[in-house]
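>>> fold the following.
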Amino acid sequence: MKNNHIYNLLSQIVQEHRSLWRIKKFYLKDSKACKKCQELWKRLEKEKTNLIEEMIKLLKDHKGF
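Alright, predicted model coming up:
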């Protein structure tokens with residue numbers, strides 16, 4: 001059960017990182033004509049960055065798994 005727990009955490013980190021990559025690589029550039037959308041993508045970029053950092057820290061706390 002615990003291994004599945006760690007796997008789920010790792011899997012979610014990967015998903016969040018992929019999403020962050022798309023925001024940085026495509027979504028911000030594609031929304032240059034819309035200030036509100038730019039603000040949204042920038043906010044999501046920060047939120048996802050913080051979430052990924054938090055999840056990595058949590059994963060490190062489980063290093064004895």
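>>> which SS state does the residue sitting nearest the centre point of the chain fall under?
Per C-alpha atoms, centre = their mean, the C-alpha nearest to the average position across the chain is that of residue 16, at 3.1 Å. Each residue gets one of three states, and residue 16 gets helix by DSSP: H, G, I helix; E, B strand; the rest coil.
>>> ok, now which ones touch it?
Contacts of residue 16 were listed using C-beta atoms under 8 Å, 6 or more residues apart in numbering, and they are 48, 51, 52, 55. Just so you know, the C-beta spots here come from the backbone N, C-alpha and C atoms, and that holds for glycine as well.
>>> would you mind measuring from the first one to residue 55?
When C-beta to C-beta, to the nearest Å is the yardstick, residue 48 and residue 55 sit 10 Å from each other.
>>> longest single helix anywhere in the protein?
Scanning the chain for the longest helix, with DSSP state H as the assignment, gives helix 35-61.
>>> pLDDT on that helix, on average?
Summarised as a single mean, pLDDT over helix 35-61 is 97.
>>> okay, buried residues for that helix please.
Neighbour-count burial for helix 35-61, counted by 16 or more other C-beta atoms under 10 Å, picks out 38, 41, 45, 48, 51, 52, 55.
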